[in-house]
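Asker: whatever this is, show me its structure:
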Amino acid sequence: MRRHARLLLGGVLALAVGCAHAPGLAPDTASRLAGTPGGYLSGEVKGLEDGPLLNNKDFVWALAFAPDSSRVAYTHLGPKFYQLALWTLGPTPALVADRNINAYEFDLEAVAFSADSGLLATAGRDGELRLFEASNAEPKGHVLTEEPLTAVAFHPAGRYIVVGSARGLVSVFTVPQLSFVFEVRAHNNAPVSALTFAADGTLYTGGWDKHVRVWNTREEALRPDQARVHFERRSGFVVLRGAVNGKAQVSFALDARAPAVILNTTAATQAGIDVAFLKDTVTVPTPLGSTVARLAKGQVLRFKSLPVEGVDVAVCDVCVPSGTQGVLGAPFTERFDVVFDESTGEAILTSKAGAVPGAEAQGLVLEPRLDFTFENHVNDVTVDAKGQRLGVALSEGKAERTRAIYEREKKGEVDPKSPANAGALVDAATGKVLQQWAEHGGVVATASISPDGRSLATGGWDKRLLLFTEGDAKVRGEREFGWSVRRVRYSPDGRWVGVAAWTPQNPIGDQESDPAAALYQVLYAAPTVEQR
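Answerer: Now for the predicted structure:
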């Protein structure tokens, strides 16, 4: 494989991407595709042809194409950080950016482009949702959520972005402000494995609870006087997370005995408060006696969709309990009722004064429409260009890596084929399985449906990418990798299949190994060009 990789990088790339005479695609078909806005290839697939190799050194976790198929991005584990790599795909592929994102302890699980190809987003186990310019991967904003994130998708209208968590929560934020709008516990405390929108705004969510759920999306007036926020109990305090001045995410201890809302110096600085120039003061009790703290007047707190304006904040390091960055004292509890829902681990904050006149806002909400139940765990869901069919990856066991699995792989042991481990074409309106292929050994981690809904690309822990077409049981295309295939994706124009895989890392010499991020051209028997 390494010899094959060097050959690609040595001169075939320019022919493989963005060229009207690319192998496997006739010039007139390529011209029609390029000249059709929203166009995509359709027809029976007959195989795969090697294309650009983007990475052969790292563990690659997720991969996504821009809707105009001009760029591809992937997340990977670099030497010290998880990174976001961005490539342009024509006429000659080029690496635009490879940006450090978060610490290596937190997997960077998901990446997505906005519908207009202008923005790029990542979601990771550190709970951060991050936005970037899609042209150069320059940061545009970020928000820290309350749970580890596993999936991300932009609404096709462009004004909202949706993330899924490791505990089944699906949350909606505005774009580009990343203000919280709505949330629903969609998958019964099981990880959200996939989020995908149809062009009409219908959202499909997949989870390890063995469900694919279908959601209507609509804008409606939001209730601005109430919010549900996750809480924890630590050292005798209830701890809530909120934002200060839209800049700092703070863990607050709830303590009605405290005479002020308090921040430590670090949190105050992150919130844009210039502590050294504060002139007002307030006396705050501490375990060692009262202390005089500097006071920042008129600050703004936010708990998800609930704004708390006009808050005077004391800055005091010794006043804040260990493990938190702030205290919500009497000025907060006098304004808000706090009720605890122990079943969900959420605190319900409600303004005692009711909604502020004129504070109403519109936001995207999710309304349950359908629920498709499968016998096995749902690891991935994709939707075709017309929103009529889904591609679903299913496995008997959860797609989580354990020490036992790792030891078995080291011994070269491969799970046998099983009907429970399959890629499936599914009717998006009824959830009926139209055809499925159980050709992988073990977990089928990912499945990408072609834009025309007729073919399916799958990847699994047996190190293989497989390509199938409707009405045929046999494999139409296959590639093998050094380790697990994490994600496969059709390009929106139907021309490419992109693969994100782990590769055995090589710490010596050129550090090259097996392909980890690679593109393959899809070969069609008689391709036509359709339009969304």
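Asker: pretty sure Gly141 sits against Arg130.
Answerer: Yes - look at Gly141 against Arg130 with Cβ atoms under 8 Å: they come within range, at 7.5 Å. From N, CA and C alone the C-beta is placed, and that goes for glycine too.
Asker: higher neighbour count, these two?
Answerer: Arg130 (24 against 16; other Cβ atoms under 10 Å).
Asker: quick one: pLDDT of that one?
Answerer: Predicted confidence (pLDDT) for Arg130: 98.
Asker: quick check: beta-bridge partners of it?
Answerer: For Arg130, the beta-bridge partners under DSSP bridges are Thr122, His142.
Asker: gap between it and Ile101?
Answerer: 7 Å (Cβ to Cβ, to the nearest Å).
Asker: what about the helices in this structure?
Answerer: Remark: helices assigned in the chain by DSSP state H are 2-7, 13-16, 27-34, 265-270, 330-333, 403-410.
Asker: give me the mean pLDDT for the fifth one.
Answerer: Just to be clear, that refers to helix 330-333. pLDDT averaged over helix 330-333 gives 96.
Asker: list the buried residues of it.
Answerer: Neighbour-count burial for helix 330-333, with 16 or more other Cβ atoms under 10 Å as criterion, is recorded at 331-333.
Asker: TSV please, covering these and showing distance to Phe372.
Answerer: Formatted as TSV, these follow (distance: Cβ to Cβ, whole Å):
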residue	distance to Phe372
Pro331	48
Phe332	43
Thr333	44
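Asker: which of these lies closest to Asn421?
Answerer: Distance to Asn421, by Cβ to Cβ, is smallest for Phe332 among the buried residues of helix 330-333, at 51.2 Å.
Asker: and the closest one, what is it in contact with?
Answerer: Counting by Cβ atoms under 8 Å, 6 or more residues apart in numbering, Phe332 makes contact with 254, 261, 301, 308, 311.
Asker: shared neighbours, Arg130 and Ile101?
Answerer: Contacts common to Arg130 and Ile101, judged by Cβ under 8 Å, 6+ apart, are Thr122.
Asker: okay, now the closest residue to Asp514 other than its chain neighbours: neighbour count?
Answerer: Distance criterion Cβ to Cβ, 6 or more residues apart in numbering; nearest residue to Asp514, sequence neighbours excluded, is Gly482 at 3.0 Å. The number of residues packed near Gly482 is 18, by other Cβ under 10 Å.
Asker: Ala518 versus Gly482, what's the distance?
Answerer: On the measure of Cβ to Cβ, Gly482 and Ala518 end up 11 Å apart.
Asker: then Val244?
Answerer: Relative to Ala518, and taking Cβ to Cβ, Val244 is found at 44 Å.
Asker: go on, Trp461?
Answerer: Counting by Cβ to Cβ, the gap from Trp461 to Ala518 is 18 Å.
Asker: what do you get for Leu149?
Answerer: Here Leu149 is placed at a distance of 26 Å from Ala518 (Cβ to Cβ).
Asker: likewise Leu349?
Answerer: Distance from Leu349 to Ala518, by Cβ to Cβ: 48 Å.
Asker: more neighbours, those two?
Answerer: Remark: of Leu349 and Ala518, Ala518 carries more neighbours, 27 against 24, as counted by other Cβ under 10 Å.
Asker: max-length strand in the chain?
Answerer: strand 289-303 (DSSP state E).
Asker: what packs against it?
Answerer: strand 237-244, strand 281-286, strand 306-315 (3 or more Cβ pairs under 8 Å, 6 or more residues apart in numbering; DSSP states H and E).
Asker: can you pull the pLDDT of the closest residue in space to Leu222 that isn't next to it in sequence?
Answerer: In space, Leu222 comes closest to Gly363 once its chain neighbours are excluded; the distance is 4.5 Å by Cβ to Cβ, 6+ apart. For Gly363, the model assigns a pLDDT of 90.
Asker: what about Gly363, how many neighbours?
Answerer: Here the number of neighbours of Gly363 (other Cβ under 10 Å) works out to 21.
Asker: so what's it bridging to?
Answerer: Residues in beta-bridge contact with Gly363 (DSSP bridges): Glu220.
Asker: quick check: it touching Glu220?
Answerer: Yes - the pair Gly363 / Glu220 is scored as a contact, 7.2 Å apart, by Cβ under 8 Å.
Asker: where does Pro321 land on pLDDT?
Answerer: In this model, Pro321 carries a pLDDT of 94.
Asker: touching, it and Val327? I think so.
Answerer: Yes - counting by Cβ under 8 Å, Val327 is a contact partner of Pro321 at 7.3 Å.
Asker: quick check: neighbours shared by these two?
Answerer: With Cβ under 8 Å, 6+ apart as the test, Pro321 and Val327 both reach Ala253.
Asker: in terms of neighbours, single out the busier of the two.
Answerer: A side-by-side neighbour count of Pro321 and Val327, using other Cβ under 10 Å, places Val327 first with 26 against 19.
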